[in-house]
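Participant: my questions are about this predicted structure, shown below with the sequence.
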Amino acid sequence: MLDTTSAFKLKAKMYCKTCFSHAKDRARDAGDDEDGVLIVAKAMVETATIKADEDDPDRCPRCWGKVFEAEKMKMKSGSYHKNCFRCGECRIYLDYSLASDGPTGDVFCKNCYGKNFGPLSRNMESATAIDTAVIKPSGDNKGCPRCGGAVFKAEEIISKGVLYHKKCANCIICQKILEASSLCAGHGTDMDIYCSGCYAKKYGDRRPTTPIHTNTIKAMPGDDCCIRCDGKIFEAERYRSKTALYHKKCFNCKECSKSLESTLADITTGPDCEIYCKKCNREKFGANRTTAYADPKTIIAIDGEGCPRCNGKVFTAEQVVEKGRNFHISCFTCKSCTKPLNDKLQVHIGFDEEVYCKNCYPKIQHTPTGLGGDPGKIKGEENESCPRCEGKVFENEKMRTKKRLFHKQCFNCRQCSHPLNYNTMNCDKDGEIFCKTCYLNIYFTSGKNFYMDSSRKTPAREGDPEACLKCKSKVFQAEKVMSKSGPYHMSCLSCNSCNRLLDSSSFFDGPGKTVYCKNCYATTHGHRSRSKSRGPIDYSQFQAEENDPDQCKGCQGKIFGAEKFSTCFGSFHLPCFKCNKCNSSLHLSPDSACNRNGKIMCKQCFSKERSQSRKAGNDEEGYLIYAKSVADSHAIPAQEGDPDRCPRCTGKVFDAERMSMKSGQYHKKCFSCFECKRPLDYTLATDSPHNEVYCRSCYTKCFGPQTLILDDDM
């Protein structure tokens, strides 16, 4: 069945593309090719029938015919008919996803364009190489110094402002092809280019760097423009700040010219919309000023409704609300150090109802407004008085710990008097409070650590089930580690062999109420312990009864389930499945086991035995049997009209080994390429017009598109 895109005509007969190629080859060999004309079913009208004027923009560059809208394929080089829209070199049909405009004014497929004009094209020494001197420069533009031709953007290499073709960029002395990163520009007024070796010979070890001028290509209206050099910015070198775009080379501090490419965290934007490093921004605009704000005092607010700092009117766009008061963004700073408070979780409110940062808040005087003098003037009873000033603690200023009450003003560290709150206090057993630093110094760093001190352990009674198995002292719940034998102190749980200290997840119970680490347990009782076996096992000691299905065919001993090795010759012990001649083990490669006269042999010994038998004229029993392959595929022949007949071996194909194709049913063993004999599966097999199967590579060689010879190429 054909469609309108794959039908071909030869001598008034219709063919598919593959059969057309074979029919045309036969017509050529017979010398009868006058009617061998290729006609595609869709192309019933010649595209050159309707000629176009020379200056007509819809003139096809291939056939000079007029291109109408329904068949137009538009490229930079012109408008093409769909039938004419083919690669200028390999003639393959193209679409917009495959077509590429070449510098010669023709269209090419991607492969041919890469070969002729791509990065590797200058390394190809072919007769069809493109002559770069064909297109001369126009106006005041200077061409390539080597060939004098015009240099386009896609093929240029720049050295000291001189443009070279990639093909022409070679060393002036040794003619070595150079890359933009490997060329050395001449010293001083020398405008030529050299390789590093020739440059060193001529000028010594001095190797100048070729400066890259980012403002060479000016930005047009609508293009991305660098704010520093006014040059056009391409995607590969674009860097963006909060306010502008930069080249990668221009992305540096305006003051010290430090490159900010790899230090994005240090970039700050100044009031002039330029970028600076943090150091220069701090020196030029002040420590805490990175953004220029308008003066918030310009518009005065009604009394009680303005910003608490500047009394200016606060609009919604710049409003920060804290405790029912509205601040300007620029005014929302720490009262003490004027640090901007961008994170409201770090804002602290003092007794003066001002806002402070996290660092300044503990330093301020925490005395409520209007509270006069010493809080210890009013004495209280023992359970109502503050331990610092002995004054009575009222409900409004109460700070409670586990055992004591404090005034808010007196709630500080006993050691250093640092102000505390509920989050920063550390309470000891007497109810006294400390900051974290003083608490660690008093009770941890300078205090005695009683861990592992056996003198403080409580002795246990005899027969007490809670006694430690190692030190015989009483084990309390907080320090107990249970094993299968009994409890241990955490400090007593150590390896019985190497005395390594263990925990509840790393010990192993051994015999006799002992514990081991993982390594010592494996060495003493586990898989690393020494085997008690003193040699190989004699399997013939366990004789099997006659006609026992578990009898070994090699040693006649009994086979147990864990050591059974089954083959088509019978059941064996693993060590018994070996060659009877050379004693080489065969259980790792059962396909190489052969049977001769009831004896198991390897392939090499079988071949020697059979050769000797043939020379002696006695080969009636010398037949080869593989351990797995006991039957050939053609052993059961099929009749000629049987649909399950294998086309290769003419044997009958059963369901367990069937490989179905249009050309017939194959055995898995016979399912191979007709040309290269490669074994196939359904992902590699392809039916051919000759009712044979091929692999994809051989099918392409024999019947693929490259065997089709068109009239245009003749």
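Facilitator: Thanks, I have the structure now.
Participant: quick one, helices of the chain?
Facilitator: Under the criterion DSSP state H, helices of the chain are mapped to 17-29, 110-117, 196-203, 278-285, 436-440, 518-524, 603-615, 696-703.
Participant: so which residue is dead centre in this protein?
Facilitator: The residue lying closest to the centre of the chain (CA atoms, centre = their mean) is A236, at 21.5 Å.
Participant: C695 reaches C673, doesn't it?
Facilitator: Yes: C695 lies in contact with C673 (CB atoms under 8 Å); the separation is 4.2 Å. Just so you know, the C-beta spots here come from the backbone N, C-alpha and C atoms, and that holds for glycine as well.
Participant: intersection of neighbour lists for those two?
Facilitator: Listed as contacting both C695 and C673 by CB atoms under 8 Å, 6 or more residues apart in numbering are L680.
Participant: end to end, how far does stretch 29-48 reach?
Facilitator: Stretch 29-48 has an end-to-end distance of 31 Å (CA to CA, to the nearest Å).
Participant: could you do stretch 405-419 as well?
Facilitator: 15 Å.
Participant: and if you look at stretch 459-471?
Facilitator: End-to-end distance of stretch 459-471 (CA to CA): 9 Å.
Participant: how distant is that stretch from the center of its chain?
Facilitator: Relative to its parent chain, stretch 459-471 has a centroid offset of 59 Å by CA atoms, centre = their mean, to the nearest Å.
Participant: please work out the average pLDDT along it.
Facilitator: Mean per-residue pLDDT for stretch 459-471: 87.
Participant: in that stretch, what counts as buried?
Facilitator: 460, 467-471 (16 or more other CB atoms under 10 Å).
Participant: I'd like the residues you listed as TSV, with distance to P271 appended.
Facilitator: TSV is the format used below for the buried residues of stretch 459-471 (distance: CB to CB, whole Å):
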residue	distance to P271
A460	78
A467	78
C468	73
L469	76
K470	74
C471	74
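Participant: farthest pair in these?
Facilitator: Using CB to CB, the buried residues of stretch 459-471 span at most 12.0 Å, a distance reached by A460 and K470.
Participant: if we can go back for a sec, with the buried residues of stretch 459-471 in mind, which one is nearest to F572?
Facilitator: Nearest to F572 out of the buried residues of stretch 459-471 is L469 (CB to CB; 51.0 Å).
Participant: chain neighbours aside, what residue packs nearest to that closest one?
Facilitator: Leaving aside its chain neighbours, L469 sits nearest to G486 (4.8 Å; criterion: CB to CB, 6 or more residues apart in numbering).
Participant: CA atoms only: put stretch 240-256 into CSV for me.
Facilitator: What follows is stretch 240-256, C-alpha atoms only, in CSV (Å, rounded to 0.1, in the frame of the first residue of the first chain):
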residue,chain,number,x,y,z
ARG,A,240,22.9,42.0,35.6
SER,A,241,22.8,44.2,38.6
LYS,A,242,19.7,45.7,40.3
THR,A,243,19.7,48.6,37.9
ALA,A,244,21.7,47.9,34.7
LEU,A,245,23.4,45.3,32.4
TYR,A,246,27.1,44.8,32.1
HIS,A,247,29.7,42.8,30.0
LYS,A,248,31.5,40.2,32.0
LYS,A,249,34.7,42.3,31.6
CYS,A,250,33.0,45.5,32.7
PHE,A,251,31.3,43.9,35.8
ASN,A,252,33.7,45.5,38.4
CYS,A,253,33.7,48.0,41.1
LYS,A,254,33.6,51.6,39.8
GLU,A,255,36.1,52.9,42.4
CYS,A,256,38.8,50.2,42.7
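Participant: in the sheet, who's paired with P679?
Facilitator: Taking DSSP bridges as the rule, P679 bridges to S672.
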